[in-house]
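Trainee: sequence-free structure coming up:
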């Protein structure tokens, strides 16, 4: 599976970031090269999401803003004052919709929590600009904080889970977005961030700049790792050993930086998991990250 | 993923159905269709360690006199609880049930005991499958006779198996139990995941290089030919990215059970290959995990 591009011999070009030349860096931000089974996993995820809706019923759909993408799905556990988990999906900033992540809800609902899955604009729809995505995610998360009671949620027990580019966006909200929304610093009581990016400098140097119009301002403001003074949420960070070198490094470096700032972060390293397989463990109450999420939410008996 | 499908070659004489020798060999070679075998196995070992860390080390008990004839028991605290006996796969080669502990937690937390059998691989039987089938049958009979000693209910024994373990589990549920001194209805339900139930095409494939198939083994261990003895509901499952033969074997077995007028559920897991589907058994929310818990009435 892991056909590592580095294993084929080619002349190395000038270094672009750390020990990587342009090709190596491009590959390190291209999941297809390190996780060629993405298509299968997407099929599984969609089938499991249909199954979850068949079991749980259709979610309540709510608009958190005026834009066409600004909606969220609420799967209620039917318990008043229950904790809430908000899931922020990934997809290299350009793919996916909340409906295809309904599988995240069943474990939470069964454990006694509400699950909210948010939609937001993607970078192609936003003409290459990540700010509209970030702002929508920020507003969606703020909406949940302000409106938790309206669906039986406990505003004092709101948690976040996220994957890939969703972890990137959630990371920025947790470090500086809460302030921009006028939320209390500890609005979010915990977050499980899988396989994210927390510093955009190397990403801006990679082939992702072909569809993301990175600017210095964007790379700075949307790098969660540069605003750790604003972090007041305990983090669980996770990556798989079969992820790209950069996706492994980003989570490791972020965990180190959070701890160096004297703040709580645990780091889970999943042996044998690639970027997409790791997320499957979140929708399993005994899975690597699913268990960690339920433990963080104090939902494990 | 399906690299075999892409291979353009002149087709040789047909050996089985519409397959020439190469196509049949590929259809019984998981690596051709699921090249991530070693990566998934790494996860299985990693997750098995996690389960042991959380549930504690299993009880190690002998069900026979040979050193390999032992089992891992992960007990539940629930008294007189149902029991799931797991038969591992591995193309009939030697594997350790230690690496399948990742499947225990879902059963234990739901209130059932999980028993994983160790047994010989073909390396230890000179390629003969008959002693392996006898071992796993003796293992299940041992569990029946000793269930009460560990708080298990002998009248609620369920079996699950994957791959060649599902082949052996298919043999278990079509056993003439008189030979083992236990009741004919000893098994109350089974999950047969990605198994083989008719050995003829397997014998025609290159698996005969390491499995010493005989007419006797083919006849006695093709559970699809023994459906008259089947007396418990079976869940049959396969993934849509399995080899053509592994998909067909499971589809046809389920159809044969149904045609025999016996209870069967066929689960088709979309997007799963042969190795990834085993992971789904360990998730109570997945198609397979939920079906097992429902069968054991642990939901």
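Mentor: Cool, got the structure. All figures in this text were calculated on a predicted structure; none of them were measured in a lab.

Trainee: and stretch B:15-32, how far from the chain's centre?
Mentor: Stretch B:15-32 has its C-alpha centroid displaced from the chain centroid by 21 Å (Cα atoms, centre = their mean, to the nearest Å).

Trainee: Show the end-to-end separation of that stretch, please.
Mentor: Terminal residues of stretch B:15-32 lie 19 Å apart, using Cα to Cα, to the nearest Å.

Trainee: and chain A, which residues reach chain B?
Mentor: Residues of chain A lying close to chain B (Cβ under 8 Å from any Cβ of the partner chain) are A:1-2, A:36-37, A:39-48, A:51-52, A:103, A:106-107, A:110, A:242, A:270-274, A:277, A:280, A:283-288. To be clear about C-beta, it is placed using only N, CA and C from the backbone, and glycine gets the same treatment.

Trainee: at 6 Å instead, please
Mentor: Within chain A, the positions lying close to chain B (Cβ under 6 Å from any Cβ of the partner chain) are A:1, A:40, A:43-44, A:47, A:106-107, A:271-272, A:284, A:286.

Trainee: Which helix or which strand is home to residue 43?
Mentor: You didn't say which chain, so I picked chain A. Using DSSP states H and E, residue A:43 sits in helix A:38-56.

Trainee: Can you look at chain B instead?
Mentor: Residue B:43 belongs to helix B:37-55, assigned by DSSP H and E.

Trainee: and the helix or strand just after that helix, what does it pack onto?
Mentor: Per DSSP H and E, helix B:37-55 leads on to strand B:59-62 as the next helix or strand towards the C-terminus. Other elements packing on strand B:59-62 under the criterion 3 or more Cβ pairs under 6 Å, 6 or more residues apart in numbering or on different chains; DSSP states H and E are strand B:70-74.

Trainee: Spell out the secondary structure type for the residue of the stretch 101-250 of chain A found nearest chain B.
Mentor: In the stretch 101-250 of chain A, the residue that lies nearest chain B is residue A:106 (5.0 Å; Cβ to the nearest Cβ). Classification of residue A:106 using DSSP: H, G, I helix; E, B strand; the rest coil returns helix.

Trainee: Count the neighbours of it for me.
Mentor: Neighbour count for residue A:106, taken as other Cβ atoms under 10 Å in any protein chain shown: 24.

Trainee: same thing with residue A:10?
Mentor: So residue A:10, with other Cβ under 10 Å, has 10 neighbours.

Trainee: What sits closest to it if chain neighbours are left out?
Mentor: Distances taken as Cβ to Cβ, 6 or more residues apart in numbering or on different chains put residue A:23 closest to residue A:10, at 7.3 Å, once the chain neighbours are dropped.

Trainee: same thing with residue A:234?
Mentor: Nearest residue to residue A:234, sequence neighbours excluded (Cβ to Cβ, 6+ apart): residue A:264, at 4.3 Å.

Trainee: Next SSE downstream of the longest strand anywhere in chain A?
Mentor: If you go by DSSP state E, chain A has its longest strand at strand A:153-163. Of the helices and strands lying after strand A:153-163 in sequence (DSSP H and E), the nearest is helix A:165-172.

Trainee: quick one, helices of the chain?
Mentor: Chain wasn't specified; assuming chain A. A:22-28, A:31-34, A:38-56, A:103-111, A:131-147, A:165-172, A:178-180, A:201-205, A:216-221, A:245-260, A:275-280, A:288-296 (DSSP state H).

Trainee: To clarify, I was referring to chain B.
Mentor: With helices called from DSSP H, chain B shows them at B:3-6, B:21-27, B:30-33, B:37-55, B:104-110, B:130-146, B:164-172, B:200-204, B:215-220, B:244-259, B:276-281, B:287-295.

Trainee: Would you format those helices as a markdown table with distance to chain A, mean pLDDT and mean neighbour count included?
Mentor: Compiled in a markdown table, the helices of chain B are given as follows (distance: least, Cβ to the nearest Cβ, whole Å; pLDDT from 0 to 100; neighbours: other Cβ atoms under 10 Å in any protein chain shown):
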| stretch | distance to chain A | mean pLDDT | mean neighbour count |
| --- | --- | --- | --- |
| helix B:3-6 | 11 | 49 | 12 |
| helix B:21-27 | 18 | 98 | 21 |
| helix B:30-33 | 11 | 97 | 19 |
| helix B:37-55 | 3 | 98 | 18 |
| helix B:104-110 | 5 | 98 | 24 |
| helix B:130-146 | 23 | 98 | 20 |
| helix B:164-172 | 20 | 98 | 28 |
| helix B:200-204 | 25 | 98 | 19 |
| helix B:215-220 | 33 | 98 | 14 |
| helix B:244-259 | 15 | 98 | 19 |
| helix B:276-281 | 8 | 98 | 25 |
| helix B:287-295 | 7 | 98 | 21 |
